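J.: One predicted model, sequence on top.
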Amino acid sequence: SFTQTTTDPGNDSHSYVWSVSKNGSAFTTGAGVQFGFTPDDNGTYVVSVVCTDQDNAHSNPATATVNVVNANPTATLTAPTSDQLRNSVVAFSGTVADPSAADTFNATWDFGDGSPIESTSKVYTYKAFTRTHTYAAAGTYTVTLTVQDDDGGSNTKTAQDLIFSSGVMPGRVLRAPRGE
């Protein structure tokens, strides 16, 4: 938040007009002794204020520069909570959160089984996105989701997925019904 103080030998009343540019382009404006704004992305913001008194005399603009750096997005990864069978479709989901409303995101998936890394483009903030994968062999796999914003910030999450080779899971006993 910014506050303007003014001295005037005539003890006049004053009005204040604020303007903000982002990377050289107009961004927002406001009026009043105090002013605040919320940057929508990283960049260089120049805040200017001009004071006008009741006699219509104008001050020279007073300026301040605010440099906003990119913040990394935050990713979540959700993997199945139950064991999965090989050659079955396994669904994973993710989300991304980011303080910038202007960033766009891409997600890459590494399913840990040597298959090619897969990408999901145009991922949206706070909306779930999914990817499915089929494992050809039994084993324990580490799934890695990396989310990257258009400014190069990234975040990586991992999860383990346990894949079995048949319909009988270890530690489970199948019994035939009585009388058969």
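T.: Received it, and whenever you're ready, just let me know what you need. Numbers count the residues shown, from 1 in each chain.

J.: contacts, neighbours, all on C-alpha from now
T.: OK.

J.: Return the helix or strand in the chain with minimum mean pLDDT.
T.: Every helix and strand of the chain was ranked by mean pLDDT, DSSP states H and E. The lowest is strand 118-123, at a mean of 79.

J.: which residues touch that strand?
T.: Here strand 118-123 makes contact (C-alpha atoms under 8 Å, 6 or more residues apart in numbering) with V96, T104, F105, N106, A107, T108, W109, D110, F129.

J.: Hmm, the third one is touching V147, no?
T.: Yes: the pair F105 and V147 passes the contact test of C-alpha atoms under 8 Å, sitting 6.6 Å apart.

J.: Tell me which of the two has more neighbours.
T.: Shown here are F105 and V147; by other C-alpha atoms under 10 Å, V147 has more neighbours (28 against 21).

J.: Does anything pack onto the helix or strand containing I163? Which helices or strands?
T.: Counting by DSSP states H and E, the element that carries I163 is strand 154-164. Identification of packing neighbours for strand 154-164 by 3 or more C-alpha pairs under 8 Å, 6 or more residues apart in numbering; DSSP states H and E yields strand 74-78, strand 84-85, strand 139-149.

J.: Going by mean pLDDT, which of those strands comes out lowest?
T.: Here the lowest mean pLDDT among the helices and strands packed on strand 154-164 goes to strand 84-85, at a mean of 84.

J.: May I see the buried residues of the helix or strand that comes right after that one?
T.: Remark: after strand 84-85, the chain's next helix or strand is strand 89-97, criterion DSSP H and E. By neighbour count on 16 or more other C-alpha atoms under 10 Å, the buried set for strand 89-97 is V90, F92, G94, T95, V96, A97.

J.: separation between D83 and V46?
T.: The gap separating D83 from V46 is 55 Å, by C-alpha to C-alpha, to the nearest Å.

J.: Kindly reformat the helices and strands packed on strand 154-164 as JSON lines and extend each row with distance to H58.
T.: Formatted as JSON lines, the helices and strands packed on strand 154-164 follow (distance: least, C-alpha to C-alpha, whole Å):
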{"stretch": "strand 74-78", "distance to H58": "46"}
{"stretch": "strand 84-85", "distance to H58": "72"}
{"stretch": "strand 139-149", "distance to H58": "43"}
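
J.: Cool, thanks, signing off.
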